[in-house]
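Novice: just need the structure, nothing else, for what follows:
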Amino acid sequence: MCTTVAKLLDKGWYLAKTRDPVSWMRWDDEIKLFNSPDDKYKKLIIQNPDEHEDGFYGGINEKGVAIIATYVHIDENQVSYIRRPYLRLILDVATAKEAVKIIESFFPRIGGNMFVADKTECYGIEGAPEKYFVEKVSRAMVKTNHFIHLPYKNLSLKDKYFSDWTIKRYERASELLGSVKSSKGLMTLLRDTKNKKNKVPICATSNERECFTNSAMIFDTKNVRVFYAQGNPLEVPFKEYDFNSAS
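Specialist: Numbers count the residues shown, from 1 in each chain. Sure thing, here's the model as predicted:
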């Protein structure tokens, strides 16, 4: 489904994500500016373009607080972050620590793997219906569609192919992330096709598999900007967005 990474670069945290929706998820996405009386801070959010449907996939606010997430399906009654409009609430903050507190306050709990960051701090979150695991991140880190700390298993991991896919993406992204030194390096990581032969690459096209990379995003908390590929990043370029150009 998705590969997410977090890394400190040039004294600021970067969060990056591919979006590989499965058949029952919302497919299209767009970047949209939220700046209404309901929003404490301006927000750039990557979301489902249909205003009548849920679907929020990542975002950053004008204070440089950013969040990305990927779903880990462990319970049939689980609330999925990517299907609910929690993101605007999470980004009504000035720091990543405040965002974590908001996430921890939600009940039912939102499920999946998340990274929340501002310029100086980053947190990794694993969310299940019973509990959250929250850690302060001090090194480059990867999350895909399985938990590292919580004991719960993704229901889809019963399928060996899916299990191989999440593990291989985790291993490959971890291997690449250590040498990433810039936003361009993150773009290269999000476009990686090394495991294409076995159909478990970080980035797959629609010609290769049914569940393919539909878009990709990078959030730069230091410079408060987004690099967003609205479509498969092997086929479309990353475009840069900030609050000056979006206002």
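Novice: show the model's pLDDT score for the nearest residue to residue 12 once chain neighbours are set aside.
Specialist: Using Cβ to Cβ, 6 or more residues apart in numbering and skipping residues adjacent in sequence, the residue nearest residue 12 is residue 222, 2.4 Å away. (Glycine included, C-beta is placed from N, CA and C.) Per-residue confidence (pLDDT) for residue 222: 98.
Novice: what does residue 35 give?
Specialist: Reported pLDDT at residue 35 in the predicted model: 94.
Novice: wait, it touches residue 44, no?
Specialist: No - judged on Cβ atoms under 8 Å, residue 35 makes no contact with residue 44 at a distance of 9.7 Å.
Novice: between these two, point out the one with more neighbours.
Specialist: residue 44 (27 against 14; other Cβ atoms under 10 Å).
Novice: quick one: contacts for that one?
Specialist: Going by Cβ atoms under 8 Å, 6 or more residues apart in numbering, residue 44 touches 31, 32, 33, 34, 59, 60, 61, 226, 241, 242, 243, 246.
Novice: who wins for most neighbours among the residues you listed?
Specialist: Neighbour max across these (other Cβ under 10 Å) = residue 60, 30 neighbours.
Novice: wait, residue 144 sits on residue 5?
Specialist: No - using Cβ under 8 Å, residue 144 is not in contact with residue 5; the gap is 9.7 Å.
Novice: ok, the helix or strand of the chain with the lowest mean pLDDT: who's next to it in the sheet?
Specialist: When the helices and strands of the chain are scored by mean pLDDT, DSSP states H and E, strand 79-80 comes last with a mean of 78. Within its sheet, strand 79-80 is paired with strand 110-117 (parallel), according to DSSP bridges.
Novice: and the residue of the chain positioned farthest from its centre, helix, strand or coil?
Specialist: The C-alpha centroid of the chain is most remote from residue 37, which lies 26.3 Å away (Cα atoms, centre = their mean). With DSSP: H, G, I helix; E, B strand; the rest coil as the basis, residue 37 sits in coil.
Novice: hang on, residue 139 in a helix?
Specialist: No - counting by three-state DSSP, residue 139 falls outside a helix, being coil.
Novice: okay, now it: neighbour count?
Specialist: With other Cβ under 10 Å as criterion, residue 139 counts 10.
Novice: go on, residue 189?
Specialist: Per other Cβ under 10 Å, the neighbour tally for residue 189 reads 25.
Novice: are we agreed that it is in a helix?
Specialist: Yes - counting by three-state DSSP, residue 189 is located in a helix.
Novice: quick one on the thing from earlier: name the residues contacting each of residue 144 and residue 5.
Specialist: With Cβ under 8 Å, 6+ apart, residue 144 and residue 5 have common neighbours residue 173.
Novice: the protein: helices as residue ranges?
Specialist: For the chain, the helices defined by DSSP state H cover 87-90, 96-105, 160-177, 183-190, 243-246.
Novice: ok, which of the ones you listed comes nearest residue 21?
Specialist: Nearest of the helices of the chain to residue 21, taken as Cβ to Cβ: helix 160-177 at 13.9 Å.
Novice: all strands for this structure, in order.
Specialist: 4-9, 12-19, 30-34, 43-47, 56-61, 66-70, 79-80, 110-117, 122-127, 132-136, 141-143, 215-220, 225-229, 239-242 (DSSP state E).
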